[in-house]
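K.L.:
Return a 3D structure for these sequence lines:
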Amino acid sequence: MIKSLRNQLVLALCVLASIVGVVQGVSSYQLSKAGMSALLDLRLEQVATRMRAGFAESLPSIPARGSQSERDIVITIWKDEQATPYRSTEPSLPLPRDAPAGFVTTAVGGDEWRIYTLREPSMVIQVAQRSAVRHELTTERAVNTLWPMVVLVPLVWIAVLLVVRRSLRKLNSLGAQVQAMDVSHFQPLSTTGVPIEIRPFVDSINLMIERLAQSIESERKFISDAAHELRTPLTALQLQADNLQPHIAPRNQERFRELRSGITRSGGLIAQLLRLARADAALQAEMVTRVEVGAVVVAAVAEVLPIAMKRGIDIGADEMASAFVQAVEADVGIAVRNLVSNAIRYTPDGGQVDLSVQVRDDMVWIDVTDTGPGMAEELLPRAFDRFFRANTQIEGSGLGLSIVKAIATKYGGSASLRNRHDGQSGIVASVGFPSA
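P.N.:
The predicted structure follows:
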């Protein structure tokens, strides 16, 4: 399971709030029960005091047995040495006359009672209440104190979630900025509104971005300079080879052709390196125009058509939607030509290459589908790496798809590669540009 800082914070704070709520609830519950019990004791004591003040005479001398509710208190008054109570609200209940002064909890008549005894020289006053009734009253009042906690704890959970989400919103924004970066768009992360605790981390990332940008810029400059420096001597070497050909002995013609082939491959590699350097270069807004994608595709196909015809490869078009993009026309042409050239290179003689132009989700997609052998699924993510070649038996520089990716990225587009799943072998190579 992927760990989430937000989830960990929310869980930890919710657990802490829950523990505090439970402890507070238990404390309130116990304190409420103790307070209610003390209040009921005070009530018994006050009733006994009233009986001593002369209210005893108001009690009936012979009450009806069993006429009192079980929830009522029972009052019994003893006088002098009489064996029977002087007054009692429930004569059938034999309260213990010899109970000590004050409060005592004891069993009487099969029930547990809480009895308060007030002793006077000529009178003993006892006020009793069933313990079950007291427990019911105290529990009912104590449970009522738990309702605020039951409501408050979920509200605290919601508040914790909202606070943590709001606190980490800046991190999410920084994460989105980092995710949007690519080799053609390096921008330092904004430190506005960043918490103090995260500032050193953001500064470290900005320093890393700066160093990475410098390193990539150095690599781009090296590739561009090397390609420019190598192009001139290779061109001169090609001219010298052409001039030398008539003077080569017939028995050395095969070796000479291999030499010229090597020079041609080197020249192609230098040309690809120059295209890669241009694709990586910053976009110049004044060179951007409204480009008709269909016309670019037709021009790219016309350029590679002689090679396809020589090998018997059929180049067709499935769907050619009318679409326009804002770009440098040469860049779009290079991207399309690289995809088509790649498809022809990997398609066997007599195969088929189909092109289509579609507009999907405000993107203009150019799809090139071949009938080649396809590619192992685990190699597909590496297909756009520079100098990567899935099949070393087929001639190529390993830069064609890298150039396509760099051009698409420069315009905010995308490039993809996938195997066909329509019952035939082959690759579907796609490049997309934002629709104009």
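
K.L.:
So, low pLDDT: which residues of the stretch 51-200 of the chain?
P.N.:
Under the criterion pLDDT under 70, the flagged ranges of the stretch 51-200 of the chain are 56, 60-68, 180-186.

K.L.:
swap the cut-off to 90 and go again
P.N.:
Residues of the stretch 51-200 of the chain that meet the criterion pLDDT under 90 lie in 51-100, 108-111, 113, 119-126, 130, 134, 137, 139-200.

K.L.:
In terms of secondary structure, what does the helix or strand containing residue 406 contact?
P.N.:
If you go by DSSP states H and E, residue 406 is part of helix 400-410. For helix 400-410, the packing partners by 3 or more C-beta pairs under 8 Å, 6 or more residues apart in numbering; DSSP states H and E come out as helix 253-280, helix 329-346, strand 414-419, strand 427-434. C-betas here are computed from N, CA, C, even on glycine.

K.L.:
Could you check which helix or strand contains residue 75?
P.N.:
Using DSSP H and E, residue 75 maps to strand 74-79.

K.L.:
Can you give the distance of that strand from its chain's centre?
P.N.:
Here the centre of strand 74-79 is set off from its chain's centre by 74 Å, with C-alpha atoms, centre = their mean, to the nearest Å.

K.L.:
Tell me what residue 418 is bridged to.
P.N.:
residue 428 (DSSP bridges).

K.L.:
Helices of this protein, start to end?
P.N.:
Secondary structure of the chain (DSSP state H): helices at 5-52, 131-144, 147-167, 169-179, 199-244, 253-280, 293-310, 329-346, 400-410.

K.L.:
care to break this protein down by domain?
P.N.:
For the chain, whose domains are defined here by automatic domain parsing, the residue ranges read 12-144, 199-279, 284-434.

K.L.:
Could you tell me the least trusted of those domains?
P.N.:
Mean pLDDT is lowest for domain 199-279 out of these, coming in at a mean of 72.

K.L.:
returning to that earlier point: what packs against the strand holding residue 75?
P.N.:
For strand 74-79, the packing partners by 3+ C-beta pairs under 8 Å, 6+ apart come out as helix 5-52, strand 87-88, strand 123-130.

K.L.:
Tell me which of the ones you listed sits nearest to residue 372.
P.N.:
Nearest to residue 372, of all the helices and strands packed on strand 74-79, is helix 5-52, at 45.8 Å by C-beta to C-beta.

K.L.:
distance between that closest one and the chain's centre?
P.N.:
Taking the mean of its C-alpha atoms, helix 5-52 sits 40 Å from the chain's own mean (C-alpha atoms, centre = their mean).

K.L.:
Compute the inter-axis angle for it and strand 123-130.
P.N.:
Interaxial angle of helix 5-52 relative to strand 123-130 (axes from the mean of the first three to the mean of the last three C-alpha atoms, to 10 degrees): 150 degrees.

K.L.:
could you check the angle helix 147-167 makes with helix 5-52?
P.N.:
Counting by the same axes, to 10 degrees, helix 5-52 lies at 160 degrees to helix 147-167.

K.L.:
which helices and strands sit right next to helix 5-52?
P.N.:
For helix 5-52, the elements it packs on are strand 74-79, strand 111-120, strand 123-130, helix 131-144, helix 147-167, judged by 3+ C-beta pairs under 8 Å, 6+ apart.

K.L.:
circling back to that earlier point, show me the contact partners of the strand holding residue 75.
P.N.:
Contact partners of strand 74-79, identified using C-beta atoms under 8 Å, 6 or more residues apart in numbering, comprise 47, 51, 56, 59, 68, 85-90, 93, 95, 97, 113, 122-129.

K.L.:
Isn't residue 350 up against residue 310?
P.N.:
No: judged on C-beta atoms under 8 Å, residue 350 makes no contact with residue 310 at a distance of 11.7 Å.

K.L.:
Report the contact partners of residue 145.
P.N.:
Residues in contact with residue 145 (C-beta under 8 Å, 6+ apart) are 25, 28, 29, 32.

K.L.:
can you tell me how far the last one sits from residue 131?
P.N.:
When you say that, I think you mean residue 32. Distance check for residue 32 against residue 131: by C-beta to C-beta, to the nearest Å, it reads 17 Å.

K.L.:
Ok, which of the helices and strands packed on strand 74-79 comes nearest residue 202?
P.N.:
Checking the helices and strands packed on strand 74-79 against residue 202 by C-beta to C-beta gives helix 5-52 as the closest, at 15.1 Å.

K.L.:
relative orientation of that closest one and strand 74-79 in degrees?
P.N.:
Orientation check (the same axes, to 10 degrees): helix 5-52 against strand 74-79 gives 30 degrees.

K.L.:
hmm, back to that, adding distance to residue 377 as columns, could you present the helices of the chain in JSON lines?
P.N.:
Compiled in JSON lines, the helices of the chain are given as follows (distance: least, C-beta to C-beta, whole Å):
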{"stretch": "helix 5-52", "distance to residue 377": "32"}
{"stretch": "helix 131-144", "distance to residue 377": "63"}
{"stretch": "helix 147-167", "distance to residue 377": "38"}
{"stretch": "helix 169-179", "distance to residue 377": "24"}
{"stretch": "helix 199-244", "distance to residue 377": "29"}
{"stretch": "helix 253-280", "distance to residue 377": "26"}
{"stretch": "helix 293-310", "distance to residue 377": "28"}
{"stretch": "helix 329-346", "distance to residue 377": "16"}
{"stretch": "helix 400-410", "distance to residue 377": "16"}
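
K.L.:
Tell me which of those sits most buried.
P.N.:
Most buried of the helices of the chain by mean neighbour count (mean count of other C-beta atoms under 10 Å) is helix 400-410; its value is a mean of 24.
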